[in-house]
Structure formats: structure tokens, C-alpha cells
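S.K.: no sequence for this one, just the structure:
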């Protein structure tokens, strides 16, 4: 795994916006795939949800950190907006009836207790 290369302070606001859009788009794509063509294997459904959660979590964590420590106010404000976008999408996904139906319809009998 390659370490994350951070931008210069002057480029950070644009970078945060692009990174947020990229990861939220990826999370939405995974959610759309789960709604329209969920894997038949319950473990693969959980793995897809894990990837979606990783996109949200990585975006939120980076935004939270930079919102609290970056020296430029515009960057901190952009990061606060990114955190709010992650929260909105998380709420939307948590209330999504189609996604609920996918998870409610899983046959968990083949999954281990942690799954």
C-alpha cells in the first residue's frame, strides 16, 4: 500500500473537494450496485458494504483531522462541509429501504458469528 501523498497547503482545499467527491461517488456506486444487482453470496454483500463504509470512513476521518488542524480557514471550512456530506450520505443509506431489503433478505446461516 502506498502512503497517502498530501498536497501543499495552498492546494489542500481543491484536493479535499476532489477527494470527497471521488470517495462519495464510489460509495454511491457500491450502494447502487447493491440495490440493483446484489451478489448472491451473503459474504460478498457484506464485503461490498465494508468497501462502501471504508470510503465513507476514510473521507470523514481525513476531513475531521484537517478541519481541526489545518492552518487555513478555507480548508477547515471545506473539510467541515465534507464531513457534513459524509453524514448526509450515511443517513441516506441508513434509511434506504432498498438496501434494507437486500440485507434483510440475506441467508445468514452460512456466515460465521462475526459476519
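M.R.: Great, that's in hand. What you are looking at is a predicted structure, and each value in this text was computed from that prediction instead of being measured.
S.K.: and residue 112, how many neighbours does it have?
M.R.: 7 (other C-beta atoms under 10 Å). Glycine gets a C-beta too; all of them are placed from N, C-alpha and C.
S.K.: same check, this time on residue 55
M.R.: 20.
S.K.: how close does it sit to residue 10?
M.R.: Separation of residue 55 from residue 10 (C-beta to C-beta, to the nearest Å) stands at 26 Å.
S.K.: for residue 50, same thing?
M.R.: 35 Å.
S.K.: run through the neighbouring helices and strands of the helix or strand containing residue 47.
M.R.: Element membership for residue 47 (DSSP states H and E) is helix 42-69. Helix 42-69 is packed against helix 12-36, helix 73-94, helix 97-104, with contacts defined by 3 or more C-beta pairs under 8 Å, 6 or more residues apart in numbering; DSSP states H and E.
S.K.: what angle do the second one and helix 97-104 make?
M.R.: Translated: helix 73-94. 60 degrees (axes from the mean of the first three to the mean of the last three C-alpha atoms, to 10 degrees).
S.K.: start at 52 instead
M.R.: In the new numbering, first residue 52, that becomes helix 124-145.
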